[in-house]
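Asker: following is a predicted model, sequence given first.
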Amino acid sequence: MLAKLRKLAGSCVLLITVVPATVIAADTAPAVDLQAAELAVANGAYREAIGKWSTVIRNIRAGRDAEERSDTSLKSGSADLSLGKLLLRRGDAYRRIGFYNRSFDDLQQAVELGKHSGIPILQSLAFGSVVFGSLGDLQMAAEHNQSFHGTRQSPEELYAKSLRMAIDTGASALISAAAIRLGNWQFENGDVDGASETLLNAVFYSEETESFMLQADARVKYARVVRTQGLDADAIDILRNASTRLVEMPAGYSRAEITLALGREAAAIGGPTAANVGVSAFEEVVDLGKSLSDKRLMGSALAEIGLWNLDTGDKLEAIKYLQNAVGVAADAHDLAIDWEWQLARLYAQVGDIDSAMESYRRSISHIDEIRHDIPVSYVDGQSSFRETRAPIYLEYADLLMRNADTSVDYQQNQSMLSRAQFVMEQVKGAELQDYFRDTCVVNQSSSIADEATNNTAVIYPIVLDDRLAVLLNAEGQYYHYSSPVSASRLKDEVDNLARLLRDPESATDNDTHKQYSKRIYDWVVAPALAQIEKSNAQTLFVVPDGVLRTIPFSALWNGSEYLVEQYQVAIAPGLTLLNSDSVTRTKRR
């Protein structure tokens, strides 16, 4: 491919600039709206740009309809090309703000216009290269979005098609832009060697253009590959080279995005040499964010400086910058989730427990703000939410339980334990949403715990990395116990018990399962047994967590009896996840 690329670049027959980086003019469109839209994009105001483009698109379509009715339409394809470019721009903007289906509709219409509008072949190829590249970007962004109704072609197929069409035009700008996209996808999916070759070509062809944006972007992406290959010194040199291109770019949003990516690459390299490149890049992004009035950019750069300080061991300085990031961009919920999470951990490390709990609470509140927009995924029995966001809830619940143990104030103790249970209920609700692929499936309107009688005790095990925590609710009071068993050890024991119960013939004798059942009983039930007996409970209501959901609690063994021989045992996914009035209370056999 390299030889073919260079041959075509040397015999370039048509120079076509990259569509997303240019102002699109159309005779039938008000120039003032187009200029305003491009200015909005430069400042990251995509919703404003969409409004301007929508006005122009309506005007072009009205003009085309009038021509068709009067049978005076010219077959040059110029109006269709202008319309297609505007749909492409609007589709990219929709993708950036998360309107994936609207984005796909615009891009598909652009594809059809490119096919049937009579555009000259090289223009058609150039336009198609950009459109298929945008479709690849959309496919990557919407990968886990269950409501996305677009194409299920892989990003690799779309990016490869974009690059082939770019090669056929011989336009260096198109080739470089398409190669950047494909190379980035290859890297993200583990093909480091393929990414290295593709992105090196992207750098080569960017030099054939006058686009400082392409030259800088290609180098930053290539530096990441070089760093991954263990060539840190070379990667720093490439980043320095990219920074010389960035200063030639206008002080707009594209420059800020690439500069931020450059700083993150330098941070990944680390060390004093990279610090000179990385920190200065983040500081520049802060200044660009101010000039663009973009709080997300400012907050992102401030947070990165804070993380850099954390890597160098200066926790107090890291806290200061992360606080500033949250203060600047408190409404950027998707970003503030992680900033507050990191702050919570830092506060806990420096002994400021109250601030740590408050940061955990704020992090979860940011999740709540965008929960319906978080991609839903439940694959091979694993909840995407459990893997990515549940650690925030678990750490918060852990901190609440540990501090409840040290509190001498009874009301404070009960409040913390109650809060810990509520936090875990939120995780369980999110997992059910993932399982049913519906963020509206959980209605936490009633609580079984509220109806627990004096002869019912609720056992709420919580699997943590270093221990198994157990919350007990008996006679309206909360208690907290811990068993010193790691999550990995617990999983091994539970897996063995589950296997023996499902396949008894695999046991060496009829009592093999009891040794595992007894250990799990000792970890989950035994610590709370004295309080359960004191409450005269006849029913145990168990809310299992994690791997504990795979076994029947009735089969736990205390050394002489199974748990079901001692108590009535009920299991539920959560205390607030079932409507206790949904089953009619009638006499039944």
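Answerer: Thanks, I have it.

Asker: skip ahead from the helix or strand hosting residue 319 and say which helix or strand is next.
Answerer: Under the criterion of DSSP states H and E, residue 319 resides in helix 315-328. On the C-terminal side of helix 315-328, the closest following helix or strand by DSSP H and E is helix 333-349.

Asker: now the helix or strand following that following helix - C-alpha only, PDB.
Answerer: Next helix or strand after helix 333-349 toward the C-terminus (DSSP H and E): helix 353-370. Taking C-alpha atoms only, helix 353-370 is exported to PDB below (Å, rounded to 0.1, in the frame of the first residue of the first chain):
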ATOM      1  CA  ILE A 353     -12.900  11.600  55.300                       C
ATOM      2  CA  ASP A 354     -15.800  14.100  55.200                       C
ATOM      3  CA  SER A 355     -14.600  15.600  52.000                       C
ATOM      4  CA  ALA A 356     -14.000  12.100  50.500                       C
ATOM      5  CA  MET A 357     -17.600  11.100  51.200                       C
ATOM      6  CA  GLU A 358     -18.900  14.300  49.800                       C
ATOM      7  CA  SER A 359     -16.900  13.800  46.600                       C
ATOM      8  CA  TYR A 360     -18.100  10.300  46.200                       C
ATOM      9  CA  ARG A 361     -21.700  11.600  46.700                       C
ATOM     10  CA  ARG A 362     -21.100  14.200  44.000                       C
ATOM     11  CA  SER A 363     -19.600  11.700  41.600                       C
ATOM     12  CA  ILE A 364     -22.700   9.500  41.900                       C
ATOM     13  CA  SER A 365     -24.900  12.600  41.500                       C
ATOM     14  CA  HIS A 366     -23.200  13.300  38.200                       C
ATOM     15  CA  ILE A 367     -23.800   9.700  37.100                       C
ATOM     16  CA  ASP A 368     -27.500  10.200  38.000                       C
ATOM     17  CA  GLU A 369     -27.600  13.200  35.700                       C
ATOM     18  CA  ILE A 370     -26.600  11.300  32.600                       C
END
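
Asker: quick revisit: packing partners for the helix holding residue 319?
Answerer: Contacts defined by 3 or more Cβ pairs under 8 Å, 6 or more residues apart in numbering; DSSP states H and E place helix 315-328 against helix 295-311, helix 333-349. Just so you know, the C-beta spots here come from the backbone N, C-alpha and C atoms, and that holds for glycine as well.

Asker: longest single helix anywhere in this protein?
Answerer: Using DSSP state H, we find that the single longest helix of the chain is helix 410-436.

Asker: what are the buried residues along that helix?
Answerer: 413-414, 416-434 (16 or more other Cβ atoms under 10 Å).

Asker: name the helices or strands packed onto it?
Answerer: strand 378-379, strand 382-383, helix 384-388, helix 390-406, strand 456-463, strand 468-474, strand 477-483.

Asker: one more pass at 6 Å, please.
Answerer: Packing partners of helix 410-436 (3 or more Cβ pairs under 6 Å, 6 or more residues apart in numbering; DSSP states H and E): helix 384-388, helix 390-406, strand 477-483.

Asker: now render these as CSV, adding distance to residue 274 and mean pLDDT.
Answerer: Putting the helices and strands packed on helix 410-436 into CSV (distance: least, Cβ to Cβ, whole Å; pLDDT from 0 to 100) gives the following:
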stretch, distance to residue 274, mean pLDDT
helix 384-388, 28, 71
helix 390-406, 28, 92
strand 477-483, 42, 93
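
Asker: redo these as a markdown table? Include distance to residue 491 and mean neighbour count.
Answerer: Below are those laid out as a markdown table (distance: least, Cβ to Cβ, whole Å; neighbours: other Cβ atoms under 10 Å):
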| stretch | distance to residue 491 | mean neighbour count |
| --- | --- | --- |
| helix 384-388 | 14 | 17 |
| helix 390-406 | 15 | 20 |
| strand 477-483 | 14 | 18 |
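
Asker: ok, back up a step: dump the helices and strands packed on helix 315-328 to CSV, plus mean neighbour count, mean pLDDT and distance to residue 111.
Answerer: As requested, those are exported to CSV (neighbours: other Cβ atoms under 10 Å; pLDDT from 0 to 100; distance: least, Cβ to Cβ, whole Å):
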stretch, mean neighbour count, mean pLDDT, distance to residue 111
helix 295-311, 22, 92, 31
helix 333-349, 21, 93, 30
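
Asker: ok, which of those comes nearest residue 486?
Answerer: Nearest to residue 486, of all the helices and strands packed on helix 315-328, is helix 333-349, at 20.1 Å by Cβ to Cβ.

Asker: dump the helices and strands packed on helix 315-328 to TSV, plus distance to residue 571.
Answerer: Formatted as TSV, those follow (distance: least, Cβ to Cβ, whole Å):
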stretch	distance to residue 571
helix 295-311	42
helix 333-349	31
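
Asker: so for residue 104, which of the ones you listed sits nearest?
Answerer: Here helix 333-349 is closest among the helices and strands packed on helix 315-328 (Cβ to Cβ), at 21.5 Å.

Asker: report the angle between the closest one and helix 315-328.
Answerer: 150 degrees (axes from the mean of the first three to the mean of the last three Cα atoms, to 10 degrees).

Asker: just the CA coordinates for helix 333-349, please, in CSV.
Answerer: What follows is helix 333-349 as a C-alpha-only set of coordinates in CSV (Å, rounded to 0.1, in the frame of the first residue of the first chain):
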residue,chain,number,x,y,z
HIS,A,333,-21.3,15.6,34.2
ASP,A,334,-19.5,13.0,32.0
LEU,A,335,-16.2,14.5,32.9
ALA,A,336,-16.9,15.5,36.5
ILE,A,337,-17.7,11.8,37.4
ASP,A,338,-14.1,10.9,37.2
TRP,A,339,-12.7,14.1,38.6
GLU,A,340,-14.8,13.8,41.8
TRP,A,341,-14.0,10.1,42.0
GLN,A,342,-10.3,10.9,41.9
LEU,A,343,-10.8,13.7,44.5
ALA,A,344,-12.6,11.3,46.8
ARG,A,345,-9.7,8.9,46.7
LEU,A,346,-7.2,11.7,47.3
TYR,A,347,-9.2,13.1,50.2
ALA,A,348,-9.3,9.6,51.8
GLN,A,349,-5.6,9.2,51.4
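
Asker: what does it contact?
Answerer: Residues from elsewhere that reach helix 333-349 (Cβ atoms under 6 Å, 6 or more residues apart in numbering): 303, 315, 319, 322, 325-326, 355-356, 359-360, 362-363, 366-367, 369-370, 392.
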